[in-house]
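In: only geometry, no sequence info:
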């Protein structure tokens, strides 16, 4: 069983023709469960959750059109899961919950891209890394991982250690492992799965999310996994899944989680 649950249409159009390019690539890659999880900040309906200058310029979709696209796909027997990738926003649990529950998502991904006003994975903000204390950024980032898990709003946490994207990683291993540990402890008490994401291989960090030590800690706590490519173009669907599967097996995983209308099922790893 293979999944690719984290994919985006934002570089194209919300049309069946463009969606088919993704689903056809998934079929060619032997992916059994494929989903689209557009960034929630693109939708007008999330304006009460996340607001900043970078996001506000990119809020141009209506959820009615998004839902309509999936229903059209299903009417054409296109097997695709409907999801959303939501920027976890501290202090907005009620608003996030209200948004999520308005729609019949197959699953919901929660991700952390913002530490306060700092877009940690955005090239426009990369210069900020040299101005900030790396330990403070990591502490604040993993604070959010903990509260994301505790919220129990999400089925999957996206790219768990995205904070390493530009290769800014604390040299103090004891500090880093302590951040991992508290994240894993919180996730183990939640319903939230962890994705092994191949997107990091296409980023400056040049490695999978999450770090092998972090994933091994997840496995030891029996936190379920899914596989994701975080494709923003059809060609990246299922990219480098051989490496994701190798890592999963190396740390001890033997199964994968699937989702359909919020229902979880566990299958042997593909």
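Out: The structure has been received and is ready for your questions. Quantities reported herein were computed from a predicted structural model and do not represent experimental measurements.
In: switch to C-alpha atoms for all contacts and neighbour counts from now on
Out: Noted.
In: Return the set of buried residues in stretch 46-65.
Out: Of all the residues in stretch 46-65, those buried under the rule 16 or more other Cα atoms under 10 Å are 46-47, 49-50, 59, 61.
In: okay, those in TSV with distance to residue 11 next?
Out: As requested, these are exported to TSV (distance: Cα to Cα, whole Å):
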residue	distance to residue 11
46	20
47	21
49	23
50	21
59	14
61	13
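In: any chance of the residues you listed in CSV, plus secondary structure, pLDDT and distance to residue 245?
Out: Below are these laid out as CSV (DSSP: H, G, I helix; E, B strand; the rest coil; pLDDT from 0 to 100; distance: Cα to Cα, whole Å):
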residue, secondary structure, pLDDT, distance to residue 245
46, helix, 97, 34
47, coil, 96, 37
49, coil, 97, 35
50, coil, 96, 34
59, coil, 95, 35
61, strand, 96, 34
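In: tell me the contacts of the residue most central in space within the chain?
Out: With distances taken as Cα atoms, centre = their mean, the residue of the chain nearest its centroid is residue 158 (2.3 Å). Listed by Cα atoms under 8 Å, 6 or more residues apart in numbering, the contact set of residue 158 reads 6, 85, 109-112, 194-195, 197.
In: now do residue 154
Out: Here residue 154 is in contact with 107-110, 148, 191-192 (criterion: Cα under 8 Å, 6+ apart).
In: what about the helices in the chain?
Out: Along the chain, counting by DSSP state H, helices occupy 16-28, 53-56, 63-75, 93-101, 134-151, 173-188, 212-220, 241-251.
In: who wins for proximity to residue 164 among those?
Out: Smallest distance to residue 164 across the helices of the chain (Cα to Cα): 9.0 Å, for helix 134-151.
In: Which pLDDT value goes with the spatially closest residue to residue 236 that is not a sequence neighbour?
Out: Among residues not flanking residue 236 along the chain, residue 229 sits closest, at 6.8 Å (Cα to Cα, 6 or more residues apart in numbering). In this model, residue 229 is scored at 98, pLDDT.
In: Could you list which residues are in contact with residue 229?
Out: 4-7, 197-199, 236-241.
In: Could you do residue 153 as well?
Out: 96-97, 108, 110.
In: buried subset of these?
Out: Buried, going by 16+ other Cα under 10 Å: 96, 108, 110, out of those.
In: Can you tell me, leaving aside adjacent residues, what's nearest to the first one?
Out: This points to residue 96. residue 49 (6.8 Å).
In: any idea how far that neighbour is from residue 189?
Out: 25 Å (Cα to Cα, to the nearest Å).
In: cool, and residue 152?
Out: As judged by Cα to Cα, residue 152 and residue 189 stand 9 Å apart.
In: quick one: which of these two has more around it?
Out: residue 152 (17 against 13; other Cα atoms under 10 Å).
In: Any figure for the gap between the more buried one and residue 12?
Out: Counting by Cα to Cα - residue 152 and residue 12 are separated by 32 Å.
In: and what of residue 119?
Out: 23 Å.
In: who has more neighbours, these two?
Out: residue 119 (17 against 12).
In: Does the more buried one touch residue 113 like I think?
Out: Yes. Between residue 119 and residue 113 there is a contact at 5.8 Å, judged by Cα atoms under 8 Å.
In: and the nearest residue to residue 43 once chain neighbours are set aside, what is it in contact with?
Out: Nearest non-adjacent residue to residue 43, counting by Cα to Cα, 6+ apart: residue 61, 4.5 Å away. Counting by Cα under 8 Å, 6+ apart, residue 61 touches 42-44.
In: Please check those and keep the buried ones.
Out: 42-43.
In: What is the nearest of the contacts of residue 61 to residue 209?
Out: Once Cα to Cα is applied, the member of those that ends up nearest residue 209 is residue 42, at 23.9 Å.
In: Can you check the pLDDT for that closest one?
Out: On the pLDDT scale, residue 42 gets 97.
In: same thing with residue 253?
Out: At residue 253, pLDDT is 98.
In: Next: residue 263.
Out: 89.
In: Give the bridge partners for it, please.
Out: residue 260 (DSSP bridges).
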